[in-house]
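Sequence and predicted structure, then a few things I'm wondering about:
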Amino acid sequence: MKVTKIMTLKLLLALTVAIGFTSCSKSGSTKGGSSATGWQINDKKGGFQYNTKYKKQETPPGMTSIEGGTFTMGKVEDDVMHDWNNSPTKQHVQSFYMDETEVTNLMYAEYLYWVKSVYPPTQDNYKHIYTGVVPDTLVWRNRLGYNETMTNNYLRHPAYANYPVVGVNWIQATEFCEWRTNRVNENILEKEGYLKKGNKISAEVTADANFDTESYINSPSKTFGGKEEIVLKKPMGQKSAGKKGAATATEAKNVYAQRSSGIILPEYRLPTEAEWEYAALALVGNREYNIYKGQKKYPWKGQYTRSGKRQLRGDQLANFKQGKGDYGGIAGWSDDGADITNFVKAYPPNDFGLYDMAGNVAEWVQDVYRPIVDDEANDFNYFRGNVYTKNKIGDDGTVEMVTSENIKYDTLSTGKVIARNFPGSIAQVPVDENETYLRQNFSTSDNRNYRDGDKQSTRYFDFGANDEEASKKEDPNQRMYKSPLHKISADSAGNQVKQYDKSDNRTTLVDDNVRVYKGGSWRDRAYWLDPASRRYFPQDMATDYIGFRCAMSKVGPKSNKKTPRGNVKK
């Protein structure tokens, strides 16, 4: 009798557990129910909309995935320049995407075409927008050299279509990245049915009515001037319009695309110095201990610039200056194949699949230059140059858009006038105390000179004086970095008055507007092919040997492996 009762109790307990497990499984699982509240997600009648079927970030056009990791930054095998700006530091870089090649003349020409179409330079209020993005083709000129062929043809002629663009300053490169972000996301939203098809460049696309990613996310109803026939809505998770089972324009009435839709890509940008150097080294392809410790001289394996493979033995692996008066070698098999730049993908890629990470053209990176990398302050995704801003809010409580009437222009030290922001984008202002109060991770909007180069870093700073008194005492000749102070102003007639700083006590070109560029170029000796080598140049100036490529942060897991290391595959 006792045995029967015990068995009955065990059976009841098992049934209770089973019923409870089934109930729990149904409440938070696979049929759209929230595991937090049990409410339906993506309910057709309304409620919280979220892409619960998101798999992974789409690989952006022209880019390749770079899996993050640790490396020794600043480790140069030879330091013939004795710059003392390459102290090795251990850094960790998060996963990101990077362009396979440098940005080419063809890619930049597409940018110029779009800007010229949307902001016609024939109109007075737009004339500086187009001229501000055009590369400086005069960088090819030389007092004692004939280079007019490149001056007239390099940017526009189809013979150079797939050559890296040059004559682009750092500011222009950054603006190209912003434009590319908008065009790629605009294309994605059109494919997914959130924007009217065939509207990228049409009569309806004007200066005040075009697509900007951040404007769309913050105020989609204002995108394209608020034209509802262009900016569409659709149920979350539906397929693109035109496909079987998709929502048509009339049916798409639920939501605009949002961050939670999972289809809008992060911004294109210049790579940080740490990212660029890590990607150029490509330690992923070599597991030898000495390579891991930072003893890799070039983006490829080996200590020489020529290939050691049987079929390609003796071929140069990069485009660089081989000696005085020798920009390519003797014509024939031993030549590197180029006298100036060369077409992208002319040389083998590194183990990340990136081309020309040594030679051809040097490349802009995001960082403001300083002689040291402050690994004591940070050793994860290191970057010097953060300037935090926020969206400007208008009197009506909504974001303030840049229009044709309130475009802001900057006059560079070179005299070139560029637009600070384009119509259709959101006006930006520096962050204030509302964002910085009682924070431990940042306290100001501009962090370019954090722990280096600010007034407190100088021996002339008066620690007993308040800010107002200190500013009155500040002598520009006693700044930590005594860079030239060139000034440009306008007279009563609106003509530029250029004041060149001829002072003989300037000791450096370093300031908060000087950026790092990495890698060797067609004008450089082999020393500069080392990924750890670093140089700097004013951000508003351009040369015939500096180009750039774009990067994009990776969201989600470090790699796209189906299961993390150490986890049992389900």
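Cool, got the structure. Numbering: from 1, shown residues only.

Every contact and neighbour count from this point should use C-alpha atoms.
Will do.

Was I right to think residue 152 contacts residue 139?
No - using Cα atoms under 8 Å as the test, residue 152 is too far from residue 139 to be in contact (11.1 Å).

any idea how far the nearest residue to residue 386 once chain neighbours are set aside lies from residue 391?
Ranked by Cα to Cα, 6 or more residues apart in numbering and with sequence neighbours excluded, the top spatial neighbour of residue 386 is residue 447, at 5.3 Å. Spatial separation of residue 447 from residue 391 under the definition Cα to Cα, to the nearest Å is 18 Å.

again with residue 515
If you measure residue 515 against residue 391 using Cα to Cα, the figure is 26 Å.

try residue 518
Distance of residue 518 to residue 391, given as Cα to Cα: 32 Å.

What of residue 257?
20 Å.

more neighbours, the two?
Neighbours of residue 257 and residue 391, each counted by other Cα atoms under 10 Å, are more numerous for residue 257; the result is 24 against 18.

Checking that one next. Helix, strand or coil?
coil (DSSP: H, G, I helix; E, B strand; the rest coil).

Show the backbone phi and psi for the residue lying closest to it once chain neighbours are set aside.
The spatially closest residue to residue 257, leaving aside those adjacent along the chain, is residue 194, at 6.8 Å (Cα to Cα, 6+ apart). Comment: the main-chain dihedrals of residue 194 come out as phi -90, psi -10, following degrees, to the nearest 10.

what about residue 194, neighbour count?
For residue 194, using other Cα under 10 Å, the count is 23.

for this protein, what's the longest strand?
In the chain, assigned by DSSP state E, the strand with the most residues is strand 362-368.

what is the mean pLDDT for it?
In this model, strand 362-368 carries a mean pLDDT of 98.

correct me, but the residue nearest to residue 386 touches residue 385?
Yes - because the distance of 6.3 Å satisfies Cα under 8 Å, residue 447 is recorded as touching residue 385.

Now do the nearest residue to residue 428 once chain neighbours are set aside against residue 210, distance only.
Of all residues not flanking residue 428 in the chain, residue 391 sits nearest, at 4.9 Å (Cα to Cα, 6+ apart). With distances taken as Cα to Cα, residue 391 is found 18 Å from residue 210.

Which stretches in the stretch 351-500 of the chain count as strands?
Assigned by DSSP state E, counting those that start in this stretch, the stretch 351-500 of the chain shows strands spanning 362-368, 389-391, 409-411, 417-419, 428-430, 487-490, 496-499.

contact partners of stretch 421-429?
Surrounding stretch 421-429, the residues in contact under the criterion Cα atoms under 8 Å, 6 or more residues apart in numbering are 207-212, 214-215, 223-224, 389-392, 399-404, 407-409.

What subset of those residues is buried?
For the contacts of stretch 421-429, a neighbour count by 16 or more other Cα atoms under 10 Å gives the buried set as 207-212, 214-215, 223-224, 391-392, 399-403, 407.

So which of these sit within helices?
For the buried ones among the contacts of stretch 421-429, membership in helices holds for 214-215, with DSSP state H as the criterion.

where does this structure have low pLDDT?
Within the chain, the stretches with pLDDT under 70 are 1-32, 46, 236-254, 285-295, 311-312, 314, 333, 453-479, 562-570.

Nearest to the spatial middle of it, which residue is it?
By Cα atoms, centre = their mean, the chain has its centre lying nearest to residue 269, at 1.3 Å.

Thought residue 55 was touching residue 556, still the case?
No - between residue 556 and residue 55 there is no contact, the gap being 9.5 Å when judged by Cα under 8 Å.

so who does the residue nearest to residue 386 touch?
Residue 447 makes contact with 384-387 under the criterion Cα under 8 Å, 6+ apart.

Select from the residues you listed the one having the most neighbours.
residue 384 (20 neighbours).

Report the spatially nearest residue to it, omitting neighbours in sequence.
Leaving aside its chain neighbours, residue 384 sits nearest to residue 367 (5.2 Å; criterion: Cα to Cα, 6+ apart).

gap between that neighbour and residue 127?
Using Cα to Cα, residue 367 is found at 30 Å from residue 127.

Which of those two has more residues huddled nearby?
It is residue 367, of residue 367 and residue 127, that has more neighbours when counted by other Cα under 10 Å, with 24 against 17.

Give the buried residues for stretch 259-277.
Under the neighbour-count criterion of 16+ other Cα under 10 Å, stretch 259-277 has 261-277 buried.

Please apply the same query to stretch 173-185.
173-185.

and if you look at stretch 79-93?
The neighbour-count criterion (16+ other Cα under 10 Å) identifies 85-86, 88-89, 91-93 as the buried residues of stretch 79-93.
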